[in-house]
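In: The following comprises the amino acid sequence and a computationally predicted model.
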Amino acid sequence: MNTPSENVDQKRTETAWAPPTPRMKVGEMPAEARNINVDGRQPMSPLQGFGQMWQKTFKVRLSGVDKSPAEVMRVWKENFPSFQPPENRFYPSMAGIKPGEVLLIEAKVPPFAGMPSVLPVSTGVMVLYADDTSFTVMTPEGHPEAGWNTFSVYEEDGVLVAQCQSLCRPNDPLYDFFNRFMGASSQQDKIWIHVLDSVAGHFGVQSQVTTAKILVDPKVQWAYARNIWQNAAIRTMFYLLGAPLRWLRGKSRPRAKA
Amino acid sequence: MKANLTMSVRKANQNSSVIDIQGEINAFAENTLMDAYTQASSAGARNIILNFNGLEYMNSSGIGLLVTLLIRAKRQNQRLLAFGLTEHYQQIFELTRLNEAIVIYATEAAALAAVS
């Protein structure tokens, strides 16, 4: 028989983790969010990607903020899409940031390092874990990265700290090339720095975001080179190129009688 | 915050060490986990077996730590195995696809039989 504290732990863990999900399922979404690269895709851990595995930690100290970590996290979850940079639009489901829910992403990436972000990528993430002071999203097949991003708020030396930590590797050889040589990695870093700046700014704090990077696995996993078949950037491009064809097909179809 | 976690290491046979986990695995567990791994490796173990019978709670940061541990073990040509996971955490291993790299056994005896 379980003791009362075991029952509490059991309850705590069952509500915090996403239910068993071999493939992602997208709920009701706004019309402008393209669900072309997420529904039916397998979630990816950092073990199933192609390139080097990095752990990147971005932190900002929220000095002077007189709130609990849970209060700050609640605000962060509620404003998660608006804390993103303009070229990175997040569409949570109606349920919000809850375990098992999928957030669609309409991102734009630069074609080359230093150029403006113009290439569209339709992708998404699944909320793998969420509790009062943190949540983690997991990427699907085809996403630029395979792995997890954890957003958390905690207290350090009496000061609140907001943190983004990613444990990821580029999903396929093309993303790996863009990460290494075309500035995609630093573009991703800028996104998390922007998010933390936004969180700090929301609470009226101006503070420097610190970054720490650890190369967890320097090896490339050639066994996962085939992940390129699901590449969301390539598929988004083909989807957009096919738009005139879909429009023509829609026009030529006989309309149903009322 | 401190880790609510203790780990003890014991040698199961010439090639295998068991890490007995008691408590919570979260972001604050890194030092405890890595110290236990170092101790297990220093005895020359080729197989590191994680005993989750005493696991009270694990969050996503804890799963991340296991990935890091797995990569370290792979670099040392060691195998990482697990037993004692509840059905819920077995599902979490499947969801996070850790089960594709860390083989899960029901009991210590089954884990040891697999590596002997």
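Out: Nice, I can see it.

In: And the residue of chain B closest to chain A?
Out: In chain B, the residue that lies nearest chain A is residue B:60 (3.7 Å; Cβ to the nearest Cβ). (C-beta placed from N, C-alpha, C; glycine too.)

In: got a list of what residue A:123 touches?
Out: Counting by Cβ atoms under 8 Å, 6 or more residues apart in numbering or on different chains, residue A:123 touches A:37-38, A:104-105, A:107, A:139-140, A:142-144, A:232, A:236.

In: what does the stretch 101-250 of chain A have sitting close to chain B?
Out: Contact residues, the stretch 101-250 of chain A versus chain B (Cβ under 8 Å from any Cβ of the partner chain): A:128-129, A:131, A:134, A:136, A:138, A:148, A:150, A:152, A:154-155, A:165, A:167, A:216-217.

In: that older thread, next, the residue of chain B closest to chain A: phi, psi?
Out: Torsion angles at residue B:60 (phi, psi; degrees, to the nearest 10) stand at phi -70, psi -30.

In: gap between it and residue A:99?
Out: 10 Å (Cβ to Cβ, to the nearest Å).

In: Tell me the secondary structure at residue A:205.
Out: Here residue A:205 is coil, with the state taken from DSSP: H, G, I helix; E, B strand; the rest coil.

In: I figured it was touching residue A:72, is that so?
Out: No: Residue A:205 lies out of contact with residue A:72 (Cβ atoms under 8 Å); the separation is 10.6 Å.

In: overlap in contacts of those two?
Out: Common neighbours of residue A:205 and residue A:72, using Cβ under 8 Å, 6+ apart, are A:62, A:65.

In: Compare these two and say which is more crowded by neighbours.
Out: residue A:72 (22 against 17; other Cβ atoms under 10 Å in any protein chain shown).

In: who has more neighbours, residue B:60 and residue A:99?
Out: Neighbour totals were compared for residue B:60 and residue A:99, and residue B:60 leads with 30 against 20 (other Cβ under 10 Å).

In: can you tell me which residues contact that one?
Out: Here residue B:60 is in contact with A:128-129, A:134, A:136, A:148, A:150 (Cβ under 8 Å, 6+ apart).

In: Please repeat the previous calculation with a cut-off of 10 Å.
Out: Residues near residue B:60 by Cβ atoms under 10 Å, 6 or more residues apart in numbering or on different chains: A:16-18, A:127-131, A:134-138, A:148-150, A:152, A:165, A:167, B:26-27, B:92, B:96.

In: which among these end up buried?
Out: A:16-18, A:127-131, A:134-138, A:148-150, A:152, A:165, A:167, B:26-27, B:92, B:96 (16 or more other Cβ atoms under 10 Å in any protein chain shown).

In: Mind checking which of these land in helices?
Out: Residues of these located in helices (DSSP state H): A:16, B:92.

In: so of the buried ones among the contacts of residue B:60, which ones are in strands?
Out: Cross-referencing those against strands under DSSP state E gives A:127-130, A:134-138, A:148-150, A:152, A:165, A:167.
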